[in-house]
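Engineer: predicted coordinates and the sequence they were generated for:
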Amino acid sequence: MIKFFLKLKYSLQQWLWRNFIVAGIIFTFVPYGLTYDRDKAVSYAEDWWNTDKDEDGIHTDYNHEYNYYSIANKCRDCANFVSQCLIAGRLDLSDGPGAFLQPCGKKTIINCDDLHTHLTNSQNAAHSSGSVPPDDIEVGDVVIFGKPNNTFAHATIVVGGSGQDIQLAAHCTDRYSSPLSFFLNQFTLVAYYHFPTDFVVSVHPSWQNFTEPHELHTHYITIKNNTKESKTAKIKMKLIKKSKCLSLTKSPASTLNLPAKGEASTSFTITSGEELIPDDNLIHQIIVDIDGVESSAIQYANGQNIVTDHPDESYDISDPRYPTPAKIDSEADVGVYLNGFVDGVAHLLGRFKEPVWFIDRDFEPLPTEIKEKGRK
């Protein structure tokens, strides 16, 4: 049940509502990719970085589903901790060199050199080195530090920041949100490991206005395959809410063959009818399934007011690099009203990892299915 509703409307918008009608389309794809869940990896780091929460000097407050490693009472758990974060993010490290079976039945890599080998050879992580991080480094990526003899000694995971201002979490010593500069002062070797998104799904153009009856807008779903294997993507457009003035007149292909290290596209078309009706929304959910893992987007077209400074038009919101990914969930406690800065609000809340669903003009949650003539 939706507990909380958000609505953004300015007096200018209200005036325009009475004087102009236009229809538009918004797309939001979540999550970024279909394999590594960076948010879960970072959330795990946040939950388990501190092994001495009661500050008694004894490091027993770790996740006991895993072992805690030390030698001669000195902590040696950094690679093991980073491994746990990666496992929380859905990576499998069981075939890595030096992988140890843990009480939970999963395997972690407890040696920094072995972790380096596994990330570069088996996880397809982009590897670079130097005091300046690569431009594409982001939360959930790994940084390993070493000594002058080119042996790795300390593993960390990125939990915040960007560029040279990334923040790291680690065991031995327990740290969270420590700046990169802190570690650079202690180590001469630094290596970065970026996990490229296996599949990037985008819709272009992400926003267009309907201004006339019988207008045709074609949009392209493009799926980029960054893996070394060819894949098949299954695509569905699920009707969430009908419209009296807009309709889907051409559906996308139901399957797309994705070449290894390549991309493929399909298109769909939205058409306006005899007239444009304010607040008459046509809403679909676009679902992309690759290897049984789904990525989905809410796509809606509606009759609404003209606002030239609409924040959704400042970005290509289907771009996976969009800074504040919305988290769309029909079971969310937060509802966003389908008018005004809909996507801007959803993406803003996404920055704080707050899931949202959508609310119609009657402040009712959008249905997750349509029933017509007794059929779902």
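Structural biologist: Cool, the structure landed. Residues are numbered from 1 along each chain as shown.

Engineer: so where's the stretch 1-150 of the chain shaky on pLDDT?
Structural biologist: Scanning the stretch 1-150 of the chain with the threshold set as pLDDT under 70 gives 1-35.

Engineer: cutoff 50 now
Structural biologist: In the predicted model, the stretch 1-150 of the chain carries pLDDT under 50 at residues 1-34.

Engineer: show me the strands in it, by range?
Structural biologist: Residue ranges of the strands in the stretch 1-150 of the chain, as given by DSSP state E, counting those that start in this stretch, are 4-6, 22-30, 70-71, 74-75, 99-101, 107-109, 126-129, 142-146.

Engineer: list the contacts of the last one.
Structural biologist: To tie it back to what came earlier, the one meant is strand 142-146. Residues from elsewhere that reach strand 142-146, judged by Cβ atoms under 8 Å, 6 or more residues apart in numbering: 82, 86, 112, 115-116, 119, 125, 133, 152-158, 166, 168, 180, 183, 186-193. All C-beta atoms are positioned from the backbone trio N, CA, C, and that covers glycine.

Engineer: now, these that are in strands?
Structural biologist: With strands defined by DSSP state E, the entries of those inside them are 152-158, 168, 189-193.

Engineer: of the residues you listed, which is the most crowded?
Structural biologist: Highest neighbour count within the ones in strands among the contacts of strand 142-146, by other Cβ atoms under 10 Å: Ala155, with 30 neighbours.

Engineer: separation between it and Phe182?
Structural biologist: Distance from Ala155 to Phe182, counting by Cβ to Cβ, to the nearest Å: 15 Å.

Engineer: same deal with Pro252?
Structural biologist: With distances taken as Cβ to Cβ, Pro252 is found 49 Å from Phe182.

Engineer: quick one: which of these two has more around it?
Structural biologist: When Pro252 and Phe182 are compared on other Cβ under 10 Å, the one with more neighbours turns out to be Pro252, at 21 against 11.

Engineer: what's near enough to touch the more buried one?
Structural biologist: The neighbourhood of Pro252, defined by Cβ under 8 Å, 6+ apart, consists of 221, 235, 237, 266-268, 286.

Engineer: out of those, which one sits closest to Gly98?
Structural biologist: When the contacts of Pro252 are compared for distance to Gly98 (Cβ to Cβ), Ile235 wins out at 41.0 Å.

Engineer: local confidence estimate at the closest one?
Structural biologist: Listed pLDDT for Ile235 reads 94.

Engineer: who's in contact with it?
Structural biologist: 221, 252-256, 266, 286-289.

Engineer: any idea which of the residues you listed has the most stuff around it?
Structural biologist: Most surrounded of those: other Cβ under 10 Å gives Ile221, at 26 neighbours.

Engineer: now do the helices in the protein.
Structural biologist: 11-19, 38-48, 78-88, 112-121, 180-184, 342-351 (DSSP state H).

Engineer: which strands or helices does the third one pack on?
Structural biologist: So the one you mean is helix 78-88. Here helix 78-88 is seen to pack against helix 38-48, strand 107-109, helix 112-121, strand 152-160, strand 167-170 when contacts are counted using 3 or more Cβ pairs under 8 Å, 6 or more residues apart in numbering; DSSP states H and E.

Engineer: now with 6 Å?
Structural biologist: The helices and strands touching helix 78-88, judged by 3 or more Cβ pairs under 6 Å, 6 or more residues apart in numbering; DSSP states H and E, are helix 38-48, strand 107-109, strand 152-160.

Engineer: what's the answer for the fourth one, then?
Structural biologist: In this structure, helix 112-121 makes packing contacts with strand 152-160, judged by 3+ Cβ pairs under 6 Å, 6+ apart.

Engineer: is it true that Val345 touches Tyr337?
Structural biologist: No: taking contacts as Cβ atoms under 6 Å, Val345 lies outside contact range of Tyr337: 8.4 Å.

Engineer: related to what we said a few turns ago, so for Leu349, which of the helices and strands packed on helix 78-88 sits nearest?
Structural biologist: Smallest distance to Leu349 across the helices and strands packed on helix 78-88 (Cβ to Cβ): 13.7 Å, for helix 38-48.

Engineer: appreciated, that's everything.
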